[in-house]
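Asker: sequence plus predicted model, see below.
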Amino acid sequence: MTAFFQSLGMSYEWAWFLATMAGILLIALPLMLGVAMIIYMDRKVWAAINLRRGPNVVGPFGLLQSFADGLKVFLQETIIPSAANKGLFLIAPILTFTVALLSWAVIPFGPDMVLADINVGLLYIFAVSSLGVYGVVISGWASNSKYPFFSAMRASAQMISYEVSIGFIIVCVVLWADSFNLNTIIEAQRGHGLGFINGFVFNPLLFPIWVMFFISALAETQRVPFDLTEAESELVAGYQTEYSSMSFALFWLGEYANILLMCALSAILFFGGWLPPVDWEPLYAVPGIVWLLLKILFFFFMFSWVMATVPRYRYDQLMRLGWKVFLPLSLIFVFVVSGYLMATGHYS
């Protein structure tokens, strides 16, 4: 895209700047539209599992319900508690929303469809996504209210606990792909399963790791059964209790953007990303972005399915699963995977 702007007579600096801004908008705007649509999908899946109809009034088949909800919160008054730290109170949702968008800069939607194809793309995502806890903690503290503060403490413990396990899980994938670059990791999965299936998930050593990654992603994004940061029966609405209008909406947008990111990572790290499911030439006629989006939708359906069917964990069960089950298991798999790769001459 930089070359296109240069062909219009611009200097390299301006061409690069405009190309980067265009790339950011091409990711951010469809992502926001996608968030609106998956909220609709979320509600439809819950309704179907509970034998209800879900949104069906606003627009054809209820497709405009999310936009109506967005307009409603946009027109509401922003209320700031008198005892709150006003600066931090307003910064927290902006921070949550911004951090949720930053990780998408290195997500490859196709062989050459990525904003920043950096060698340490996976490390970048891990570093940026770990900043998301600050938005929750700051909002809970700045609200100067009991339940949001309890929620902030829960969130910090929960997100840090499961990031440790996710870190070791990522190490196993990196060892097998021999790279932190997401496109290289996707290419390493070409024909990996039985010689014709694209994806690490069909590897007996990596399938249990994907299961741990999926469950850890639920905890990292605070989805049911791990939504203890906003458990309405205990904390009213958690760290969002004192928020209204667009500040509340930014938390929702950030939360769903993070969920989509985890779905995308699950597809990229274990299911071949933009590759078709099977290494068969006619399937490559379908653009890679279509395969990636279909996989993201599949994993989001699984997120919604779990939310509609699994009861909430107690907090001690959540911590025990993270520290006493996933952490030792993921560490054991790091040793097993690295030992297997060394024994089979993977690096020779």
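Answerer: Cool, the structure landed.

Asker: CA atoms for contacts and neighbours, from now on please.
Answerer: Will do.

Asker: report the secondary structure state of Arg52.
Answerer: The local conformation at Arg52, judged by DSSP: H, G, I helix; E, B strand; the rest coil, is coil.

Asker: how far away from the center of its chain is the helix or strand Val164 falls within?
Answerer: Assigned by DSSP states H and E, Val164 belongs to helix 146-177. The gap between the average C-alpha position of helix 146-177 and the chain average comes to 13 Å, counting by Cα atoms, centre = their mean, to the nearest Å.

Asker: give me the neighbour count for the closest residue in space to Asn56 that isn't next to it in sequence.
Answerer: Residue nearest to Asn56 in three dimensions, not counting chain neighbours: Gly62, with 3.8 Å by Cα to Cα, 6 or more residues apart in numbering. Using other Cα atoms under 10 Å as the criterion, Gly62 is surrounded by 15 other residues.

Asker: same question for Ala343.
Answerer: Counted by other Cα under 10 Å, the residues lying close to Ala343 total 10.

Asker: try Leu51
Answerer: Taking other Cα under 10 Å as the criterion, the count of residues near Leu51 is 9.

Asker: can you check the pLDDT for it?
Answerer: At Leu51 the predicted local confidence, pLDDT, stands at 89.

Asker: ok, Ser233 next?
Answerer: With respect to pLDDT, Ser233 has a value of 59.

Asker: before we move on, what about Arg154?
Answerer: Model confidence at Arg154 (pLDDT) stands at 83.

Asker: distance-wise, check Asn119 relative to Asn183.
Answerer: Distance of Asn119 to Asn183, computed by Cα to Cα, to the nearest Å: 9 Å.

Asker: between these two, who's got more neighbours?
Answerer: Neighbours were counted for Asn119 and for Asn183 using other Cα under 10 Å; Asn183 has more, 27 against 15.

Asker: can you tell me the SS state at that one?
Answerer: Bear in mind the rule, three-state DSSP; under it Asn183 is helix.

Asker: quick check: which element contains the residue nearest to it when sequence neighbours are not counted?
Answerer: Once its chain neighbours are removed from consideration, Asn183 has its nearest residue in Pro108; the separation is 6.5 Å (Cα to Cα, 6+ apart). When secondary structure is defined using DSSP H and E, no element contains Pro108, which sits outside every helix and strand.

Asker: contact partners for Pro108?
Answerer: Contact criterion Cα atoms under 8 Å, 6 or more residues apart in numbering gives 114-115, 117, 182-183, 274 as the residues in contact with Pro108.

Asker: which single one of the residues you listed is nearest to Ile197?
Answerer: Comparing the contacts of Pro108 against Ile197 with Cα to Cα places Trp274 closest, at 13.2 Å.

Asker: the closest one: neighbouring residues, count only.
Answerer: Each residue near Trp274 was counted by other Cα under 10 Å, and the total is 28.

Asker: would you confirm that it contacts Val286?
Answerer: No. If you go by Cα atoms under 8 Å, Trp274 and Val286 don't touch, sitting 9.9 Å apart.

Asker: Ser130 and Ala264, how far apart?
Answerer: 17 Å.
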